[in-house]
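>>> With the input below, show me the fold.
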Amino acid sequence: MLPSVTEFYGDPPPSIDLSANQEILDDSVVAVLTIIATLAIAFRIIYKKRKGDRSQGDDWFILIALACLFEEYGTAACTLTSNDFGAGRHVWATDTPSLRRVSVALFIHPWIYVVTTFGLKLSVCWTYMRIFSPGTIRSTIKCKTLFDGFLVTCALASFIYGLSVWTPMTVTCRPLRHFWDQYTVASIGKCMNYLSMWAITGIRSAILDLVILLLPIPRVWSLQMSWTRKLGVMGVLALGTLAVTAAIIRLVYMSRMIHEIDITWARGSAQIWTSLEPS
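Model prediction:
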């Protein structure tokens, strides 16, 4: 017989409303963001096709980011699935089988999420290369200019960021299945503090996003165009601050999860911002 939730988390505080549920809000936000992201990329591809432009590397990377190999759908699927299993409800309103299924979704989510953010970072870097670096990709890799050097560094840092999440995930728990089996009496094992690890890698990702966002500003400023057009281009680039802001807010919710007993309730808010950031 499986243990009850109270054996792990104790009795619920008397002030908590166990009927409260964030699932509808979480699912609605994720679904809307996924649709908007899909339509935006579809319009981008259609527009380029009508102009007769062929697909570039940034197009392929953003498609990978959209679909985890169908990416954004993968991130959304993990979020919606975990909600069905109890994320977005108070932990005392769930049961141990649901907690196990939430943990399975929680384990899968970082693998998919990293593909999203990695693909988006490389897509932006490739776009910068096409616009601001006059040579081919081979000449860019040779770092003939300072801008090319920073661009290649950001691309490599994006790759290292992905490895810094994936590699620890393979040894998060010993045995690995203890990650999702720890809510059964038969499971014996030990896990590292994976929430702290994700928060640290999230900080690195947010800093890298900010560096990539600021990278083209000197190039834009040196372009031979009017001040108003320069400010217009800078305004478009400034839209990237929305992703950085979402990443920072996500880190706030992630840090709360580290110290939160009511883990399923806390995850409801965190996963909204996790889906908002790449969208």
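
>>> in the chain, which spans are helices?
5-9, 23-51, 57-66, 71-84, 96-132, 137-141, 146-169, 178-181, 194-214, 217-222, 227-238, 241-259, 263-276 (DSSP state H).

>>> Give me the helices and strands touching the longest one, please.
If you count contacts as 3 or more Cβ pairs under 8 Å, 6 or more residues apart in numbering; DSSP states H and E, helix 96-132 packs onto helix 5-9, helix 57-66, helix 71-84, helix 146-169, helix 178-181, helix 194-214, helix 263-276. For the C-beta atoms, the positions are set from N, CA and C on the backbone; glycine is no exception.

>>> mean confidence score for it?
For helix 96-132, mean pLDDT is 82.

>>> Let me know the pLDDT of Asp181.
Confidence for Asp181, expressed as pLDDT, is 84.

>>> was I right about it contacting Arg100?
Yes: with contacts defined as Cβ atoms under 8 Å, Asp181 counts as touching Arg100 at a distance of 6.7 Å.

>>> Near Ser255, how many residues? Count them for me, please.
Here the neighbour count serves as a burial measure; for Ser255 (other Cβ atoms under 10 Å) it reads 16.

>>> and it, what is it in contact with?
By Cβ atoms under 8 Å, 6 or more residues apart in numbering, the contact set of Ser255 is Ala199.

>>> circling back: so which of the helices and strands packed on helix 96-132 comes closest to Gly240?
helix 194-214 (4.4 Å; Cβ to Cβ).

>>> okay, the angle between the closest one and helix 146-169?
With axes from the mean of the first three to the mean of the last three Cα atoms, to 10 degrees as the criterion, the two stretches helix 194-214 and helix 146-169 enclose an angle of 170 degrees.

>>> how distant is helix 194-214 from the center of its chain?
Helix 194-214 has its C-alpha centroid displaced from the chain centroid by 10 Å (Cα atoms, centre = their mean, to the nearest Å).

>>> who's in contact with that helix?
110, 117, 121, 124-125, 154, 157-158, 161, 164-165, 168-169, 172, 179, 237, 240-241, 243-244, 247-248, 250-251, 254-255, 257-258.

>>> swap the cut-off to 7 Å and go again
110, 117, 121, 124-125, 154, 157-158, 161, 164-165, 168, 172, 237, 240-241, 243-244, 247-248, 250-251, 254-255, 257-258 (Cβ atoms under 7 Å, 6 or more residues apart in numbering).
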